[in-house]
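Undergrad: Take this sequence and fold it.
(chains A and B, ligands or ions: 3)
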Amino acid sequence: MRISTECVGCGQCVVFCPSEAISVWGKASISDNCTQCGVCIQYCPLGAIREEEA
Amino acid sequence: MKALIIGGGLGGLLTATRLVKAGHRVEVFERLALIGGRFINLDYKGYTLTSGALHMIPHGSRGPLASMLRQVGADVKIVPSSPPATLRIPDNGSFRDMSFEKFSSPLSLTDKLKLFYLTTKSRFVKPGDESFKDWFFPFIKDTWLIKFANAYCGWALSMRCDEIPAREVLAIIDNMRRYGGPGVPMGGCGAIINALEQVILSGGGIIHTNSQVDQILIVDGRAVGVEAGGGTILGDVVISDIGHQATAQLYDHPGSDEFREYMASLESIKPSAGIKISLGANRPLIEHSGILLTPYARRVNGINEVTNIDPSLAPPGKHLVMSHQAIQSDDIQSEIELGLKDLEDIFHKEDYEVLMVQTYRNGWPVNRAGSGSDLGNTTPIRGLYIVGDGAKGKGGIEVEGVALGVENTIGLLQNFKTNYTT
Ligand SMILES: Cc1cc2nc3c(=O)[nH]c(=O)nc-3n(C[C@H](O)[C@H](O)[C@H](O)COP(=O)(O)OP(=O)(O)OC[C@H]3O[C@@H](n4cnc5c(N)ncnc54)[C@H](O)[C@@H]3O)c2cc1C
Ligand code: SF4
Ligand code: SF4
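TA: Ligands and ions are numbered 1, 2, ... in the order given. Modelled structure (predicted):
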């Protein structure tokens, strides 16, 4: 998963990630715990989370 | 009449309940997997954090939002905060808390008289476009009054007193006299969203989630439908809860002068930006259920502790404490650090953990239109209306302004219905 510059740091994705992989501090960042499940994408109000292009 | 509503935030849902109750057909389209926008409860580590709001209704159980909830039969209990607010003042290496009503007590007698004169005069001669600061500071050169005004405007509106028009602040003060101080909904702000959802569904309204509106269909200058979730849905009116600017990006622009003027006026809308810091504490840090305004802090404008009204918003025995600050520079990292330092000073030696730091700006702000820059609920497109915190009613703080804007829109829709729909 990749966080774009549209992220404002609202923290909404943090609470919906089932793997506790996201932390927020002015902007979200995703740790190695990420399983690429894609859940967070549905909860970001700014569409700032995208799948990594292969 | 069939109404299509873009966005399932508080503004969209309130409008939907009013229309469902009046016997209209309603469909709400929400882009995310859940409804409520910036008024959702977020469960985190056993605490009830939120997607935006600080679980506070600015005029409690007597304000415009509470009346609208009662009117549509939304079952929510709003408990008044007591006292409404206190002011924390440093005092010889420690601090003392002063009652909000006595805010003018640190002023000199002359300045108190001047303030009385200014407020009385404003009832007869309405201020122009000057900021709140420019309204009082030329006469009362007092730094306490600036600090107090910044804490209040920062907490309530996420703006500084030199950013907000004086007429808007005076309208807010009138509303405070009329409706009273804040309150906390039992179950948090999410309880209001749940209650509204119930009313909409039981009245036959439809709510689509994961359903982004990509386009508003316009025929002969009139909104006739939306493209959402890959399909076309037709209706008699379209009501948007995403603000004037974002709405205007969803349709083809007519070439009229009226429309060009409208687009130019949108440039005056300024969103307000803020930072919310949520703390979990082992014992009460504030000891009352109102707002603790912090005029002497570097950044934090105010703090509340909603678990003093609804303990279920934190794990058993714990407390949820939330601070708010208007963002004052582009350096978000240092804005956050200054806020955290303020909290360390204010809750010196107290036992708490920082649960989350949430920042709001640009497309997900505190208010889409900072108070005083709201443009009203109509657009140059017939049958296209704007609700939500990008189109608040005058003098309406936050969700009270959302409710006032919805009330106004319902009035406009009545005329529209008799003229244009069957
Ligand atoms: C930090 C913070 C603290 C606050 N504290 C308080 C408080 O204590 N008290 C108070 O009264 N107010 C408070 N507010 C303000 C309050 O939360 C907002 O004014 C209110 O929730 C806004 O509601 P809305 O319906 O206007 O917008 P939103 O809640 O933003 O709703 C708009 C909805 O539209 C959806 N959407 C967007 N684009 C599309 C599209 N193209 N298609 C479909 N759906 C779309 C969004 O996902 C969203 O759900 C606070 C706000 C913040 C950020
Ligand atoms: S993709 Fe899944 S695991 Fe990865 S950050 Fe998003 S929600 Fe968490
Ligand atoms: S939900 Fe989106 S905007 Fe909010 S912190 Fe996560 S990535 Fe950023």
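Undergrad: Nearest to ligand 3 within the stretch 301-422 of chain B, name that residue for me.
TA: Closest to ligand 3 within the stretch 301-422 of chain B is B:Trp364: 6.3 Å, counting by CB to the nearest ligand atom. No exception for glycine: its C-beta is placed from N, CA and C like everyone else's.
Undergrad: Look at that residue and say how many residues are nearby.
TA: 25 (other CB atoms under 10 Å in any protein chain shown).
Undergrad: B:Ser51 versus that one, what's the distance?
TA: 9 Å (CB to CB, to the nearest Å).
Undergrad: Overlap of the contact sets of the two?
TA: Shared contacts of B:Trp364 and B:Ser51, defined by CB atoms under 8 Å, 6 or more residues apart in numbering or on different chains, are found at A:Cys10, A:Pro45, B:Arg38.
Undergrad: contacting residues for the last one?
TA: To tie it back to what came earlier, the one meant is B:Arg38. Contacts of B:Arg38 by CB under 8 Å, 6+ apart are B:Gly9, B:Leu10, B:Thr50, B:Ser51, B:Gly52, B:Ala53, B:Tyr360, B:Trp364.
Undergrad: swap in the first one?
TA: For A:Cys10, the contact set (CB under 8 Å, 6+ apart) comprises A:Val24, A:Pro45, A:Leu46, B:Ser51, B:Gly52, B:Gln358, B:Thr359, B:Tyr360, B:Trp364.
Undergrad: Out of those, give me the two with the largest separation.
TA: Taking CB to CB as the measure, these span a maximum distance of 14.1 Å, between A:Val24 and B:Gly52.
Undergrad: Out of these two, name the residue with the larger neighbour count.
TA: More neighbours surround B:Gly52 than the other of A:Val24 and B:Gly52, with 27 against 21 (other CB under 10 Å).
Undergrad: B:Arg177: neighbouring residues, count only.
TA: 7.
Undergrad: ok, back up a step: filter the contacts of B:Arg38 down to the ones in helices?
TA: B:Leu10 (DSSP state H).
Undergrad: List the buried residues in the longest helix that chain B contains.
TA: Scanning chain B for the helix with the most residues, using DSSP H, yields helix B:398-420. Using 16 or more other CB atoms under 10 Å in any protein chain shown as the test for burial, helix B:398-420 gives B:398-410, B:413, B:416-417.
Undergrad: re the thing from before, pretty sure the residue of the stretch 301-422 of chain B closest to ligand 3 is touching A:Cys44, no?
TA: No: the criterion here is CB atoms under 8 Å, and B:Trp364 misses it with A:Cys44 at 9.2 Å.
Undergrad: which residues of chain A score low on pLDDT?
TA: Scanning chain A for pLDDT under 70 picks out A:54.
Undergrad: 90 instead?
TA: A:52-54 (pLDDT under 90).
Undergrad: sorry, back to before: what's the closest of the contacts of A:Cys10 to B:Pro165?
TA: Using CB to CB, those come closest to B:Pro165 at B:Tyr360, 21.8 Å.
Undergrad: what does chain A have sitting close to ligand 2?
TA: Residues of chain A that fall close to ligand 2, judged by CB under 6 Å from any ligand atom: A:1, A:17, A:19, A:21-22, A:30, A:34-40.
Undergrad: Apply 5 Å and report the result again.
TA: A:Met1, A:Cys17, A:Ser19, A:Ala21, A:Ile30, A:Cys34, A:Thr35, A:Cys37, A:Val39, A:Cys40 (CB under 5 Å from any ligand atom).
Undergrad: if we can go back for a sec, from the contacts of B:Arg38, which ones fall inside strands?
TA: If you go by DSSP state E, the contacts of B:Arg38 have B:Thr50, B:Tyr360 in strands.
Undergrad: In TSV: the contacts of B:Arg38, plus distance to B:Leu115.
TA: Output for the contacts of B:Arg38, formatted as TSV (distance: CB to CB, whole Å):
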residue	distance to B:Leu115
B:Gly9	37
B:Leu10	35
B:Thr50	35
B:Ser51	38
B:Gly52	33
B:Ala53	31
B:Tyr360	32
B:Trp364	37
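Undergrad: any chance of the contacts of B:Arg38 in a markdown table, with pLDDT and distance to ligand 1 too?
TA: As requested, the contacts of B:Arg38 are arranged in a markdown table below (pLDDT from 0 to 100; distance: CB to the nearest ligand atom, whole Å):
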| residue | pLDDT | distance to ligand 1 |
| --- | --- | --- |
| B:Gly9 | 98 | 2 |
| B:Leu10 | 98 | 4 |
| B:Thr50 | 98 | 8 |
| B:Ser51 | 98 | 8 |
| B:Gly52 | 98 | 4 |
| B:Ala53 | 98 | 3 |
| B:Tyr360 | 98 | 4 |
| B:Trp364 | 98 | 7 |
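Undergrad: Would you mind writing the PyMOL command to select the buried ones in the contacts of B:Arg38?
TA: Of the contacts of B:Arg38, the buried ones go into a single PyMOL selection, burial set by 16+ other CB under 10 Å:
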select buried, chain B and resi 9+10+50+51+52+53+360+364
